[in-house]
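*Asks:* the following comprises the amino acid sequence and a computationally predicted model.
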Amino acid sequence: MKIGKVPEAVLKRSVLNQIHVRREEVLLGASVGEDCAAAAVAEDEMLVLSTDPITGTLKDIGHLAVQITVNDLASAGAEPVGIMLTILLPERVSEQKLRNMMSQAEEACARVNVQIMGGHTEVTKAVNQPLISVVGVGKAKKGKLISTAGARPGMDIIMTKWIGLEGTSILAKEKETELRARFTQPFLDEAKRLDQLLSVLPEAKIAVRHQVAAMHDVTEGGIFGALWEMAEASGVGLEIDLRKIPIRQETVEICEYFDINPYELISSGCMLMAAADGNTIVRELEKAGIHAVVAGKATDGNDRVLYTAGERRFLEPPKSDELYKVV
């Protein structure tokens with residue numbers, strides 16, 4: 001395709017015609033010539049917005065674009081309503097690739113009842129691979145917004161599912177040919193299927209009902225980065241037992257193969273929470289079939305400590321995600 005906005009025929013055929021989910025709150029949606037979208041909310045509700053670019057993978061980029069943004073909204077206690085997509089494409093990309101990305105995005109939206117409200121699609125020399133930037137729109141009742149900054153000393157620190165799910169799935173897909181030399185195909189297939197666990201909407205809904213104080217979805221920088229960000233936002237210290245941080249064997253083995261740290265690997269699908277009674281929330285999550293653990297506590301002061309088998313070390317500020325060392 002040529003540089004510049006994609007032609008109107010392509011826009012209609014491969015972008016707008018792929019959008020099927022509709023929400024009654026969306027008053028103005030995606031259409032040729034429209035630069036804005038609009039959503040109505042009740043007097044006691046607020047709009048919640050989030051934005052994220054997807055740059056670490058090409059495979060399943062449409063699915064990930066939706067899922068990561070919806071997770072952000074859920075971690076704030078908001079109900080996702082819609083997204084707006086900015087898709088930047090290099091010249092060599094075919095129209096079929098664009099259509100596939102939109103089909104993936106719409107499929108992901110349909111799973112969580114989210115509407116693609118609008119966006120922008122352009123071919124540009126500024127990128128050498130497809131890039132999707134997403135703005136998410138959600139709604140929440142006034143006074144019910146949950147932030148990363150809600151942890152207080154003495155609260156339990158909860159982690160859901162397992163760390164490294166997203167990074168493991170990406171590596172298994174992007175590096176499958178290389179990994180076949182070490183691992184069996186059933187092992188790699190299971191690692192790829194970890195992307196089916198990336199949604200944190202179910203655990204967010206349960207946590208909100210049981211008065212969780214803070215939530216943060218674990219994305220770039222992995223669980224170490226997310227722990228630091230929650231502690232920094234809340235102005236608390238941490239005592240975290242490394243042995244309790246949940247991790248899948250697929251993640252352990254693939255990270256060992258590439259010599260990367262699974263605790264600093266992108267981990268969408270794992271939700272970090274703080275609550276006064278973490279055990280109650282864990283029990284409710286387990287009833288719903290969602291694995292969860294209490295991995296430590298928030299503390300007074302600024303020390304953020306990781307401990308295991310009598311050894312203690314301090315958590316450091318987030319670094320570049322380990323995924324970028326490989327892909």
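*Replies:* Thanks, I have it. What you see is a predicted model; the values in this text were computed from it and never measured.

*Asks:* which residues does the residue nearest to Leu131 when sequence neighbours are not counted contact?
*Replies:* Leaving aside its sequence neighbours, Leu131 sits nearest to Leu88 (CB to CB, 6 or more residues apart in numbering; 4.5 Å). (Each C-beta comes from the backbone N, C-alpha and C, glycine too.) When contacts are counted by CB atoms under 8 Å, 6 or more residues apart in numbering, Leu88 touches 122-124, 126-127, 130-133.

*Asks:* need the contact partners of whichever strand or helix holds Asp189.
*Replies:* Assessed by DSSP states H and E, Asp189 sits inside helix 185-192. The contact list for helix 185-192, computed with CB under 8 Å, 6+ apart, reads 168-169, 171-173, 176, 179-180, 183, 250, 253-254.

*Asks:* just to revisit the earlier point, confirm the residue nearest to Leu131 sits in a helix?
*Replies:* No. Assessed with DSSP: H, G, I helix; E, B strand; the rest coil, Leu88 is strand; it does not lie in a helix.

*Asks:* that one and Lys59, how far apart?
*Replies:* 18 Å (CB to CB, to the nearest Å).

*Asks:* how about Met155?
*Replies:* Note on Met155: its distance to Lys59, by CB to CB, is 38 Å.

*Asks:* which one's more surrounded, the two?
*Replies:* More crowded of Met155 and Lys59, by other CB atoms under 10 Å: Met155, with 23 against 15.

*Asks:* surely Asn163 meets Gly222?
*Replies:* Small correction: residue 163 is Ile, not Asn. Yes. Here Ile163 lies in contact with Gly222, judged by CB atoms under 8 Å, at a distance of 6.4 Å.

*Asks:* tell me, what's touching those two both at once?
*Replies:* Taking CB under 8 Å, 6+ apart as the contact rule, Ile163 and Gly222 both touch 262-263, 265, 267.

*Asks:* in the helix holding Asp189, which residues are buried?
*Replies:* For helix 185-192, the neighbour count (16 or more other CB atoms under 10 Å) marks 187-188, 190-192 as buried.

*Asks:* same question, stretch 45-62
*Replies:* Residues 45, 48, 50, 52, 54, 56-58, 60-62 are the ones in stretch 45-62 that count as buried (16+ other CB under 10 Å).

*Asks:* again with stretch 146-159
*Replies:* Across stretch 146-159, burial judged by 16+ other CB under 10 Å covers 146-152, 155-159.

*Asks:* that one: how far from the chain's middle?
*Replies:* 19 Å (CA atoms, centre = their mean, to the nearest Å).

*Asks:* now do that stretch: distance from first to last residue.
*Replies:* End-to-end distance of stretch 146-159: 16 Å, with CA to CA, to the nearest Å as the criterion.

*Asks:* residue ranges with poor pLDDT in this structure?
*Replies:* Filtered on pLDDT under 70, the chain yields the residue ranges 4, 33-36.

*Asks:* just the helices in it please.
*Replies:* Using DSSP state H, the helices of the chain run over residues 8-10, 61-75, 95-112, 165-174, 176-179, 185-192, 201-209, 222-234, 249-258, 278-287.

*Asks:* span of stretch 238-248 from start to end?
*Replies:* Distance between the two ends of stretch 238-248: 24 Å, counting by CA to CA.

*Asks:* for it, buried residues please.
*Replies:* Under the neighbour-count criterion of 16+ other CB under 10 Å, stretch 238-248 has 238-242, 245-248 buried.

*Asks:* how about stretch 313-325?
*Replies:* 315, 318, 321-323.

*Asks:* using PDB, list the CA coordinates for that stretch.
*Replies:* This file holds the C-alpha atoms of stretch 313-325, laid out as PDB (Å, rounded to 0.1, in the frame of the first residue of the first chain):
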ATOM      1  CA  ARG A 313      17.400  -8.600  48.500                       C
ATOM      2  CA  PHE A 314      15.900  -5.300  47.500                       C
ATOM      3  CA  LEU A 315      13.600  -4.700  44.600                       C
ATOM      4  CA  GLU A 316      14.900  -2.300  42.000                       C
ATOM      5  CA  PRO A 317      13.000   0.200  39.700                       C
ATOM      6  CA  PRO A 318      11.600  -1.300  36.500                       C
ATOM      7  CA  LYS A 319      14.000  -2.200  33.700                       C
ATOM      8  CA  SER A 320      13.500  -2.800  30.000                       C
ATOM      9  CA  ASP A 321      11.300  -5.900  29.500                       C
ATOM     10  CA  GLU A 322      13.200  -9.200  29.000                       C
ATOM     11  CA  LEU A 323      11.200  -9.900  25.900                       C
ATOM     12  CA  TYR A 324      13.100  -7.300  24.000                       C
ATOM     13  CA  LYS A 325      16.300  -9.300  24.400                       C
END
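
*Asks:* what sits up against it?
*Replies:* With contact meaning CB under 8 Å, 6+ apart, stretch 313-325 is reached by 56, 167, 170-171, 220-222, 224-225, 227-229, 231, 238, 240, 255, 258, 260-262, 264-266, 303-307.
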